[in-house]
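**Student:** I need the structure of the sequence given here:
(2 chains)
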Amino acid sequence: MTYTIEGTTGPWEVVIGLEVHAQVVSQSKLFSGAATAFGAEPNSQVSFIDAGFPGMLPVINGECVAQAVRTGLGLNAKINLWSRFDRKNYFYADLPQGYQISQYAHPIVGEGAVEITLSDGTTKTIGITRLHLEQDAGKSLHDQHPTKSFIDLNRSGVALMEIVSEPDMRSPEEAGAYLTKLRQILRYLGTCDGNMDEGSMRADVNVSVRKTGEGFRTRCEVKNVNSVKFVMQAVEAEARRQVEVWEAGDTVHQETRLFDTARGITRSMRSKEDAHDYRYFPEPDLPPLVLEQDWVARLKASLPELPDVRRARYVAMGLTPYDAHVLTLEKETAAFFETVARGRDAKLAANWVTGDFFAALNRLKRDIADPPVTAENLGALLDLIADKTISGSLAKQVFEAMIETGKAPGTIVEERGLRQVTDTGAIEAAVADVLAKNADKVAEYRSGKDKLFGFFVGQTMKAMAGKGNPALVNEVVKKLLG
Amino acid sequence: MRGTDHTLKGALDALAAGETTSVALTEAHLEAIARLNPRLNAFITVTGEQALQAARASDARRAAGQAGPLEGVPLAIKDLFCTAGVQTTAGSRILGGYVPPYESTVTANLLRDGAVFLGKVNLDEFAMGSSNTTSASGPVENPWSRANDPDTRLVPGGSSGGSAAAVAARLALGATATDTGGSIRQPAAFCGIAGIKPTYGRCSRFGIVAFASSLDQAGPVARTVEDCAILLKSMAGFDAKDATSADLPVPDFAAATRRSVKGLRIGVPREYRLDGTPPEIEALWQQGLAWLRDQGAETVEISLPHTEYALPTYYIVAPAEASSNLARYDGVRFGLRETAPGSDLRDLYERTRAAGFGAEVRRRIMIGTYVLSAGYYDAYYLKAQKVRALIRRDFEQAWARCDAIVTPATPSAAFGMDEKQDDPVKMYLNDVFTVTANLAGLPGLAVPAGLDAQGLPLGLQVIGKAFDEETCFAVGAAIERAANFTALPGLRADAA
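**Tutor:** As a prediction, the model looks like this:
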């Protein structure tokens, strides 16, 4: 289904491109040795370089460069062996140098592609225009004092990757799926933690609308949107606004807008006429960034398995595409699953992880980094099912006990005597007892009420405290009812 | 012999021989500064107590057999170098008494080698100028004066006017300086001393207040070519804190001053013969070439065809970078801050920068902002970068025919303090022979070679290949030997 916005003049297509700012995972800043940890005391992670003191010079952090290259490789993008930094000049109180060091004309990563999967199961390729490295600015705090603004430079100089997409998205869902997929890839690579609520990933959303078959109309940029949900809402709100403007006979003007999350509308921030003239020019303090092909090849060889590849592998292991998708969304989940599945029935492992285990996470409000049951213990539980020590239904009971006690499943089975009974004699005695106590139902069964078969099985299992081997119990019931 | 009479090499020898001490040398220079600086205004900050303390420590190190290459030598530091705990002004009001908590790499290298710092010397504001008249601390006077007009006070050149005047007047045995378009070589020539701007990347720029990052380079001024060689050896070297510094070994420059010039091919660029150059300068140039031929060098005419575009190119590139480099002086984190009740951020910027920057700096920020603006960038900055590449290529082609290039250092001798002040373009012409070396990143050495009819010193310039300062030193020392330049300025420590 093509997404459109119905106007008074008919349907409108929405065109979306995203510029995502992703904070690079690194110990220190892009051009200084200062630390980058989130949540530190204001101005406690600032070097003289980050504060723009006289005579200070930037020196490139090699790890940040490697992270950008890894990201480029993960986006199937061209790595530019020659790139260059430029200065973007503007005055602001939280921009200590009076310019941001960025890559304007010659980014480190060129064109690439990301494949997104939509809710109807279809896939779509979104083009990546470029990825470049730049330094972040500090933070202005306007709410700390009645007449003054405070400046926190902890973020000043932190490395960012700006990842620019082609205007390939056509619906809020696609925009959301793209951002989710991008975040997933970055997290798999370990190049950005993707924590949008801490600001380590934020998106500028470019939106325009058009009638089917038209060329692009004027776009507006919605700045600094900080969640997948808000990106989807901002796309829709901005597209609807533009449709109204066009249909009222007016013209959409290129401008920068903000998304008001409380009211669900976008507001004008500055028009093109007020736009800064950034006076970009090559950063004279830094020589061009020249990479060696061998070095890039080594990084490529050491990349972790990426979500698309991993998902395909899971499907090949026998998982449903849906389970494969769910289990690969977060690399921590995938790692958990792989530990559970290692040397075991992958499909059974997937059922347990996506079923009882996810349910427990939700119920207990825990996440995969802090699981109520370890992957090793869940795997051991699967082993007990596989070797018929316990039945599948008893396993659920053991699983709950594992959550409560944190003990290994084997321990729980031993302590509580839950070992499955496979002794035919014991089962036959139990069945005989159930049939004897329910002579009336036996009579009904024999007169044709087949459905009662399950009742006898259930009563037997209950009498055996769930420990009877279900297959054997079935067999014996059938035999004794003869 | 007075402490101030020594060359730097002579002082090192006397110290090594136990004929003097760092304390004696330092006291002699501090005394001379106290006597002459009120007139010359070469020093902005004199750190007498610290200097004496450093001198005592130096003498102790020497006594302990731990003398460094510059052990005990009193130097003056251009006030563009950040010095830990000592006010650094860059000749500007906008730094407002700024005391850096860090030491520039070049000055740290000098301290490592045992040097004693007498204080911080004057300069054109942010090193922008050719006369040392734009400093917030007032103009510096050249210790030389015209024979027939002794009352006209002359400029020492700029921007390293304080460095050159201090060394010429014997207030220091040597000084650090910086050169973006000629700021070492022009004042050295005006003050009758030697100075070298090394290859771009030879000295770290870390901790030097930036003017134009792609052109700025630190170097020494001193009374002899050999003294410059000794100082540069200590100042230079790779620094991981400056991404543009060159990871190359630093040669023994002093040894190079003793090399023969026999067999060297000396290039003489025909484009450096300018209309209106005083005949004395042309004559001195020819004399210099003759001296070199006498010592076995060969002189060859070469062409540097894009020379005429060097000055306009420089006055696009340098202001462009400066406009960006000086954006950090905004009143927010350090230095001057001018506000008024109810003023907002924009108002803070405007008031601070209007009060803090002098006219020449404001002019260059305006030029630089203009040439980088949308719509003008291609016509100015981009074109200037292309011409810069052509100028660099001119030199590369010239090196096929010669080993070093000799030119006049300046188009005139020192001029009066009130001359050329109303016409910036006339002032900019001072750099006509020197800017090419900055644009091409090449080493350029100025050496005093003679006097004009007024008895004012004139210098010659030796331009070398990238990272071949050694040939510059060899050629400069050969000119120095032949010129036997013994004239002294009227204002100096040992004068009556």
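**Student:** CA atoms for contacts and neighbours, from now on please.
**Tutor:** Noted.
**Student:** okay, now B:D418: neighbour count?
**Tutor:** 12 (other C-alpha atoms under 10 Å in any protein chain shown).
**Student:** would it count as being in a strand?
**Tutor:** No: secondary structure of B:D418 (DSSP: H, G, I helix; E, B strand; the rest coil): coil, not part of a strand.
**Student:** per-residue pLDDT, it?
**Tutor:** Among the per-residue scores, B:D418 shows a pLDDT of 90.
**Student:** Quickly note the distance from it to B:W291.
**Tutor:** 36 Å (C-alpha to C-alpha, to the nearest Å).
**Student:** ok, now B:V250?
**Tutor:** With the distance defined as C-alpha to C-alpha, B:V250 ends up 29 Å from B:W291.
**Student:** now swap in A:I368 and tell me
**Tutor:** Taken as C-alpha to C-alpha, the span from A:I368 to B:W291 is 83 Å.
**Student:** Can you mark which positions in the longest helix seen in chain B are buried?
**Tutor:** Identified as the longest helix of chain B according to DSSP state H is helix B:22-40. Within helix B:22-40, the residues that qualify as buried by neighbour count (16 or more other C-alpha atoms under 10 Å in any protein chain shown) are B:22-33, B:36-37, B:40.
**Student:** Then stretch B:301-316?
**Tutor:** B:302-307, B:309-316.
**Student:** Check stretch B:360-377 too.
**Tutor:** Going by 16+ other C-alpha under 10 Å, stretch B:360-377 has these buried residues: B:360-361, B:364-365, B:367-373, B:377.
**Student:** sorry, back to before: sort out for me which of the buried residues of stretch B:301-316 are in strands.
**Tutor:** Among those, DSSP state E puts B:I302 in strands.
**Student:** what helices or strands is the longest helix of chain B leaning on?
**Tutor:** Helix B:22-40 sits against helix B:48-63, strand B:74-78, strand B:116-121, with contacts defined as 3 or more C-alpha pairs under 8 Å, 6 or more residues apart in numbering or on different chains; DSSP states H and E.
**Student:** just checking, next helix/strand downstream of it?
**Tutor:** Note on helix B:22-40: by DSSP states H and E, the next helix or strand toward the C-terminus is strand B:43-46.
**Student:** Contacts for that next one, please.
**Tutor:** Residues outside strand B:43-46 that contact it (C-alpha atoms under 8 Å, 6 or more residues apart in numbering or on different chains) are B:33, B:37, B:79, B:87, B:118-122, B:137, B:162, B:166.
**Student:** Show me which residues of the stretch 201-350 of chain A are close to chain B?
**Tutor:** A:277-281, A:284-287 (C-alpha under 8 Å from any C-alpha of the partner chain).
**Student:** Output the residues you listed as JSON lines; include the columns pLDDT.
**Tutor:** Below are those laid out as JSON lines (pLDDT from 0 to 100):
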{"residue": "A:D277", "pLDDT": "93"}
{"residue": "A:Y278", "pLDDT": "96"}
{"residue": "A:R279", "pLDDT": "97"}
{"residue": "A:Y280", "pLDDT": "97"}
{"residue": "A:F281", "pLDDT": "97"}
{"residue": "A:P284", "pLDDT": "98"}
{"residue": "A:D285", "pLDDT": "98"}
{"residue": "A:L286", "pLDDT": "98"}
{"residue": "A:P287", "pLDDT": "97"}
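**Student:** The residues you listed, buried ones only, as a PyMOL selection?
**Tutor:** Applied in PyMOL, the following selects the buried portion of these according to 16+ other C-alpha under 10 Å:
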select buried, chain A and resi 278+279+280+281+284+285+286+287
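**Student:** okay if I get the residues of the stretch 201-350 of chain A next to chain B as a markdown table plus secondary structure and distance to B:D452?
**Tutor:** Converted to a markdown table, those look like this (DSSP: H, G, I helix; E, B strand; the rest coil; distance: C-alpha to C-alpha, whole Å):
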| residue | secondary structure | distance to B:D452 |
| --- | --- | --- |
| A:D277 | coil | 50 |
| A:Y278 | coil | 49 |
| A:R279 | coil | 46 |
| A:Y280 | coil | 46 |
| A:F281 | strand | 44 |
| A:P284 | coil | 40 |
| A:D285 | coil | 41 |
| A:L286 | coil | 43 |
| A:P287 | coil | 43 |
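**Student:** With respect to A:G10, which of the residues of the stretch 201-350 of chain A next to chain B is nearest?
**Tutor:** Among these, A:D277 lies closest to A:G10 (C-alpha to C-alpha), at 38.7 Å.
**Student:** shouldn't that closest one be in contact with B:V371?
**Tutor:** No: here A:D277 does not reach B:V371: they are 12.0 Å apart, not a contact under C-alpha atoms under 8 Å.
**Student:** what's the pLDDT at the residue in the stretch 301-450 of chain A that chain B sits nearest to?
**Tutor:** Nearest residue of the stretch 301-450 of chain A to chain B, counting by C-alpha to the nearest C-alpha: A:S302, 28.1 Å away. A:S302 carries a pLDDT value of 96.
**Student:** Repeat that for A:E273.
**Tutor:** 65.
**Student:** What of B:T224?
**Tutor:** For B:T224, the pLDDT comes out at 98.
**Student:** Next up, the contacts around B:Q295.
**Tutor:** B:Q295 sits next to B:260-262, B:478 when contact means C-alpha under 8 Å, 6+ apart.
**Student:** Which residue ranges of the stretch 201-350 of chain A form strands?
**Tutor:** A:201-210, A:220-225, A:255-260, A:265-271, A:281-282, A:289-290 (DSSP state E, counting those that start in this stretch).
**Student:** Adjacent strands (with direction) for the fifth one?
**Tutor:** Going back to what we said before, that points to strand A:281-282. strand A:86-89 (antiparallel) (DSSP bridges).
**Student:** Over to the first one?
**Tutor:** Strand A:201-210 has its sheet partners listed here by DSSP bridges as strand A:10-23 (antiparallel), strand A:220-225 (antiparallel).
**Student:** Make JSON lines out of the buried residues of stretch B:360-377 and add pLDDT, secondary structure and distance to A:T354.
**Tutor:** Output for the buried residues of stretch B:360-377, formatted as JSON lines (pLDDT from 0 to 100; DSSP: H, G, I helix; E, B strand; the rest coil; distance: C-alpha to C-alpha, whole Å):
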{"residue": "B:E360", "pLDDT": "96", "secondary structure": "helix", "distance to A:T354": "71"}
{"residue": "B:V361", "pLDDT": "98", "secondary structure": "helix", "distance to A:T354": "67"}
{"residue": "B:R364", "pLDDT": "97", "secondary structure": "helix", "distance to A:T354": "66"}
{"residue": "B:I365", "pLDDT": "98", "secondary structure": "helix", "distance to A:T354": "63"}
{"residue": "B:I367", "pLDDT": "97", "secondary structure": "helix", "distance to A:T354": "65"}
{"residue": "B:G368", "pLDDT": "98", "secondary structure": "helix", "distance to A:T354": "62"}
{"residue": "B:T369", "pLDDT": "97", "secondary structure": "helix", "distance to A:T354": "60"}
{"residue": "B:Y370", "pLDDT": "97", "secondary structure": "helix", "distance to A:T354": "62"}
{"residue": "B:V371", "pLDDT": "97", "secondary structure": "helix", "distance to A:T354": "62"}
{"residue": "B:L372", "pLDDT": "97", "secondary structure": "helix", "distance to A:T354": "58"}
{"residue": "B:S373", "pLDDT": "96", "secondary structure": "coil", "distance to A:T354": "57"}
{"residue": "B:Y377", "pLDDT": "95", "secondary structure": "coil", "distance to A:T354": "58"}
